[in-house]
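Peer 1: here is the input, now give the coordinates:
(one chain, ligands or ions: 1)
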Amino acid sequence: MILGLDYIIITTILLILLIPLYIYRKVFIKKFNKKPDIGYFIKDITFSLKTNYPKFVFDFKIINKYSNEPNFKTQQILIIEDLIKQFIKKEFVFSTQKNVEKKYLWLTYEENSRLKKDNKLPSDWMQRKNAALKRDKNKCNRCEYSVSKKNSHALLIKQMKDGGGFNFENIVILCNDCNRIIKSNYNENIYHDLHIMDELLNKIHK
Ligand SMILES: [Zn+2]
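Peer 2: Next comes the predicted model:
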């Protein structure tokens, strides 16, 4: 069999082109098998937590605990779960809140601040919640997450059974997550139901 000249030329060119690939094979393999950098993920979640939960001090040193985890996704999930468990565990101290300026109070405010015999909330409870939200600049009292009327809760500091009334000093504003955490008595197992969990899972780098 006689090979044509053009066939020999093309084969030679192809072989020459493959030489650098062979020489630098280790570099190519390294490039394609590189484990993603955890640094970008850490930067991302640190920024997000400090911006959205400014009152909350997270211990980011726990990240080192998971540095030997070989699977990148698992490593990120373990870090997220650890940070959220910190968020759950921190006990909230209920303390007396500020009043609102007198000019913002209404005629029946004082009267409706007193406890009712039937243990029901006063008819102007929503008005109180909205004014307390305004007083707190729409921030959760436990973590300072930005809230609106829809995703916030107004809680009494001193409970009705203990004689607490509905005056502003006794009303505290909390976000959905903090309200849920306190109601669960700081139960770590509720972390999957929290909004902060969804927020951080969205930050996972592929
Ligand atoms: Zn909160």
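Peer 1: quickly find the element holding the nearest residue to Leu115 once chain neighbours are set aside.
Peer 2: Closest residue in space to Leu115, ignoring its immediate chain neighbours: Gly165 at 5.5 Å, by C-beta to C-beta, 6 or more residues apart in numbering. Backbone N, C-alpha and C define where each C-beta goes, glycine included. Gly165 is part of no helix or strand, with elements assigned from DSSP states H and E.
Peer 1: got it, and Ile173?
Peer 2: Counting by DSSP H and E, Ile173 is part of strand 171-175.
Peer 1: my guess is Gln127 contacts Trp106. True?
Peer 2: Yes - counting by C-beta atoms under 8 Å, Gln127 touches Trp106, with 7.3 Å between them.
Peer 1: tell me how far the nearest residue to Pro36 once chain neighbours are set aside lies from Asn141.
Peer 2: Excluding the flanking residues, the one nearest Pro36 by C-beta to C-beta, 6+ apart is Phe72, at 5.3 Å. To Asn141, Phe72 is 37 Å away according to C-beta to C-beta, to the nearest Å.
Peer 1: looking at these two, which is more packed in?
Peer 2: Applying other C-beta atoms under 10 Å to Phe72 and Asn141 shows that Asn141 carries more neighbours, namely 23 against 16.
Peer 1: how many neighbouring residues does Ser148 have?
Peer 2: Ser148 has 9 neighbours, counted by other C-beta under 10 Å.
Peer 1: which residues touch the spatially closest residue to it that is not a sequence neighbour?
Peer 2: Spatial nearest neighbour of Ser148, chain neighbours left out: Asn138 (6.6 Å); criterion: C-beta to C-beta, 6+ apart. Residues near Asn138 by C-beta atoms under 8 Å, 6 or more residues apart in numbering: 146-148, 152.
Peer 1: and those residues, which is closest to the ion?
Peer 2: Proximity of the contacts of Asn138 to the ion, judged by C-beta to the ion, is greatest for Val147, which lies at 7.7 Å.
Peer 1: residue contacts, the closest residue to the closest one other than its chain neighbours?
Peer 2: Of all residues not flanking Val147 in the chain, Cys175 sits nearest, at 5.0 Å (C-beta to C-beta, 6+ apart). Residues in contact with Cys175 (C-beta under 8 Å, 6+ apart) are 140, 142-143, 145, 147, 151-153, 195.
Peer 1: again, but for Trp125
Peer 2: Contacts of Trp125 (C-beta under 8 Å, 6+ apart): 154, 166.
Peer 1: can you tell me how far it sits from the ion?
Peer 2: Relative to the ion, Trp125 is positioned 21 Å away (C-beta to the ion, to the nearest Å).
Peer 1: what does Tyr7 give?
Peer 2: Distance, Tyr7 to the ion, using C-beta to the ion: 73 Å.
Peer 1: equivalent analysis for Phe56, please.
Peer 2: For Phe56, the distance to the ion - C-beta to the ion - is 8 Å.
Peer 1: after the helix-or-strand element of the chain with minimal mean pLDDT, which helix or strand is next? Please name it.
Peer 2: Sorting the helices and strands of the chain by mean pLDDT, DSSP states H and E puts helix 25-33 at the bottom, at a mean of 62. Using DSSP H and E, the next helix or strand after helix 25-33 towards the C-terminus is helix 38-52.
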